[in-house]
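Trainee: here are the coordinates; sequence isn't available:
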């Protein structure tokens, strides 16, 4: 997966802009704008867009979340699509999602988000080929082991994000990287942001060692 610093930066800034709009701030007036501290969703959006992710899946226990919006921002930039899966055992969430409408400042993302409601996520995942980016809510617990057999990742690489790792009630016992233990090209790191984020990178199946020069870029905010 070839990294795109430009798309990563745009996704980060666009997601941050939506956060300001969500708080009803006038983003054109810098002096009148209160400082909004970046959260983990901006980082996830940048990660998905920077990896040029086209097929993005989210397994959610909470319906529409800031993660959903952040992933949709990335999908819009890459020309991909976001599929948000709501499991069959959440009847209250099914009703909410069936009547779901994006807020005015999210309408531009409407054409890249697809909600799959009332379906077993293990069955839904089987239908998608070459998944580039997957976000899993750890409240699903033991289902992670089943997804190992059902998930078909992009041969060029895939990123799996598990969230709510530190939330009380999460039944997650091991890291997602351990589930893939024994498979070459797997890297896993836990990050103390949000409610606990874990990133697992599945490298290209045809990855070869080669020398590359990486560029570093910085985003500076000035008041």
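Mentor: Nice, I can see it. Source: prediction; values computed, not measured.

Trainee: which stretches in the chain count as strands?
Mentor: 55-59, 81-87, 113-119, 133-137, 158-163, 186-191, 197-202 (DSSP state E).

Trainee: and these as CSV, adding mean pLDDT, mean neighbour count and distance to residue 20?
Mentor: Where C-beta positions appear, they are placed from N, C-alpha and C, glycine not excepted. Shown next, in CSV, are the strands of the chain (pLDDT from 0 to 100; neighbours: other Cβ atoms under 10 Å; distance: least, Cβ to Cβ, whole Å):
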stretch, mean pLDDT, mean neighbour count, distance to residue 20
strand 55-59, 93, 24, 23
strand 81-87, 87, 22, 22
strand 113-119, 82, 16, 21
strand 133-137, 91, 26, 23
strand 158-163, 90, 24, 22
strand 186-191, 84, 14, 24
strand 197-202, 88, 21, 22
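
Trainee: any chance of TSV for those strands, columns distance to residue 6?
Mentor: Compiled in TSV, the strands of the chain are given as follows (distance: least, Cβ to Cβ, whole Å):
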stretch	distance to residue 6
strand 55-59	18
strand 81-87	20
strand 113-119	23
strand 133-137	18
strand 158-163	18
strand 186-191	23
strand 197-202	21
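
Trainee: which outside residues touch stretch 65-79?
Mentor: With contact meaning Cβ atoms under 8 Å, 6 or more residues apart in numbering, stretch 65-79 is reached by 7, 10-11, 14-15, 18-19, 39, 41-42, 44-46, 48-49, 52-54, 56, 58, 60, 80-82, 84, 106, 108-109, 112-113, 133, 135, 163.

Trainee: show me these that map onto helices.
Mentor: 7, 10-11, 14-15, 18-19, 41-42, 44-46, 48-49 (DSSP state H).

Trainee: for the protein, which element, helix or strand, carries the lowest mean pLDDT?
Mentor: helix 91-98 (a mean of 50; mean pLDDT, DSSP states H and E).
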